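Asker: any chance you could fold what I've pasted below:
(one chain, ligands or ions: 2)
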Amino acid sequence: MLSVNAIPSAIQTPLNTPPGELPHRWLKHAVWRAANSCMLGGLISWPLEQSWVRVEQLSMPLHNLGRPFDGARLVHLSDLHCGMLVREKHLRRHVEIVNALDADFVAITGDFITTGSRRYARTVAKVLGDVKAARGVVACLGNHDYGRWHPKGWGEVKGIADYLSERLTNAGISVLRNASRKFVVGEAMLQFVGLEDYWSGQYDAEVAFEKVDCEHPVIALAHNPDAAPQLAAMGAEWILSGHTHGKATPDTRFWDIVYPTRYKQFIGGRYALGRGSLLYVNRGIGNAWRVRAMHLPEITLFSLRNATQGQRSLLAPARQTGDRGAHSVRLPHRLHQLEA
Ligand SMILES: [Fe+2]
Ligand SMILES: [Fe+2]
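Answerer: Numbering: from 1, shown residues only. Ligands and ions are numbered 1, 2, ... in the order given. Have a look, this model is predicted:
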């Protein structure tokens with residue numbers, strides 16, 4: 001757990017608090033529980049707790065990763081939710097942390113805004129324009145970036161996704177909407193694929209992968225982890241997601257209607273998908289009306305590694321730096337039909 005004011009030294013320190021837990025202070029726990037029960041979990045971005053954030057450090061083994069990219073630093077952000085509850089000042093603090101991490105790449109997996117407001121689209125683009133990454137910043141959109149909070153399109157604000165994308169692009173961010181971007185150094189190539197959100201009605205993995213060469217490493221950005229098994233089957237070695245805010249979707253009829261979730265086992269952290277693919281679900285740095293439950297904002301720092309020595313051996317160092325290790329999940333039978 002890191003104080004914003006102590007980032008440079010603290011990021012080298014193994015984390016010893018299980019991801020997502022707040023400090024054991026009974027009063028704060030009581031406040032958060034009361035806030036969450038009143039749908040006011042966005043208080044986490046208010047002064048009461050805004051000085052806390054977790055920086056997760058993980059290895060990212062990739063097969064055939066060229067030497068120029070071996071050791072590159074990739075910072076992953078998600079779910080900024082710029083809006084009434086998550087203000088510019090809160091986001092700027094996180095941008096300062098990102099810039100202290102000396103990233104080669106920054107990947108942002110959507111939900112830049114919450115309510116479909118153009119004002120907040122401008123704000124978040126302005127803040128993210130200050131993100132520094134030696135090689136580039138790539139992003140995909142999340143459901144809230146279309147105004148949507150349900151796959152049936154409830155809440156959609158016409159044109160907001162295009163408006164936001166344009167603003168982010170003008171701020172120097174590659175917004176990948178069913179598209180890919182290649183980074184090439186000599187013979188080496190690293191590819192990012194970004195998907196339209198799974199609930200947007202525009203999600204199309206076939207189109208997104210059209211220009212991808214699976215002989216070279218592929219990192220997919222998909223806001224909703226429900227897309228991950230399909231993207232793994234299409235050749236993504238890593239899938240970066242967000243959307244859950246580190247919170248499980250209750251297995252009840254009510255939640256199945258208001259918040260349909262296909263793979264409820266994807267909550268937060270790292271998951272093995274089979275065939276060597278891995279999913280990382282970022283717990284996000286902002287908030288929304290679907291509140292977090294006692295989870296700190298998270299920034300994830302990946303260290304890219306060539307996996308020629310075998311993925312299993314390369315996962316070990318991640319555990320030593322405080323990671324809980326990959327979660328293995330048994331996926332439904334229909335996934336295997338999808339992969340076939
Ligand atoms: Fe979100
Ligand atoms: Fe979302």
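Asker: what stretches of the stretch 201-340 of the chain score poorly on pLDDT?
Answerer: When residues are selected by pLDDT under 70, those of the stretch 201-340 of the chain lie in 287-295, 309-340.
Asker: quick one: the strands in it?
Answerer: 218-221, 238-241, 269-274, 277-281, 298-306, 327-328 (DSSP state E, counting those that start in this stretch).
Asker: got the end-to-end distance for stretch 263-281?
Answerer: Terminal residues of stretch 263-281 lie 12 Å apart, using C-alpha to C-alpha, to the nearest Å.
Asker: can you mark which positions in it are buried?
Answerer: Of the residues in stretch 263-281, 263, 266-274, 276-281 count as buried by neighbour count, 16 or more other C-beta atoms under 10 Å. In short, each C-beta sits where N, CA and C put it, glycine included.
Asker: same check, this time on stretch 152-162
Answerer: Within stretch 152-162, judged by 16+ other C-beta under 10 Å, the buried ones are 156-157, 160-161.
Asker: reformat the strands of the stretch 201-340 of the chain as JSON lines; add distance to Trp199.
Answerer: Putting the strands of the stretch 201-340 of the chain into JSON lines (distance: least, C-beta to C-beta, whole Å) gives the following:
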{"stretch": "strand 218-221", "distance to Trp199": "15"}
{"stretch": "strand 238-241", "distance to Trp199": "13"}
{"stretch": "strand 269-274", "distance to Trp199": "20"}
{"stretch": "strand 277-281", "distance to Trp199": "16"}
{"stretch": "strand 298-306", "distance to Trp199": "22"}
{"stretch": "strand 327-328", "distance to Trp199": "24"}
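Asker: how about Thr169, nearest residue that isn't a chain neighbour?
Answerer: Of all residues beyond its chain neighbours, the one nearest Thr169 is Val175 (5.7 Å), with distances taken as C-beta to C-beta, 6 or more residues apart in numbering.
Asker: give me the number of residues near the one you found?
Answerer: If you count neighbours by other C-beta atoms under 10 Å, Val175 ends up with 24.
Asker: and the stretch 151-300 of the chain, which residues reach ligand 2?
Answerer: Counting by C-beta under 5 Å from the ion, the stretch 151-300 of the chain comes close to ligand 2 at His243.
Asker: tell me the contacts of the residue in the stretch 101-250 of the chain positioned nearest to ligand 2?
Answerer: Distance from ligand 2 to each residue of the stretch 101-250 of the chain (C-beta to the ion) is smallest for His243, at 3.9 Å. If a contact means C-beta atoms under 8 Å, 6 or more residues apart in numbering, then His243 has 78-79, 109-111, 142-143, 223-225, 281 as its contacts.
Asker: could you do Asn224 as well?
Answerer: Counting by C-beta under 8 Å, 6+ apart, Asn224 has contacts 142-143, 197-199, 241, 243.
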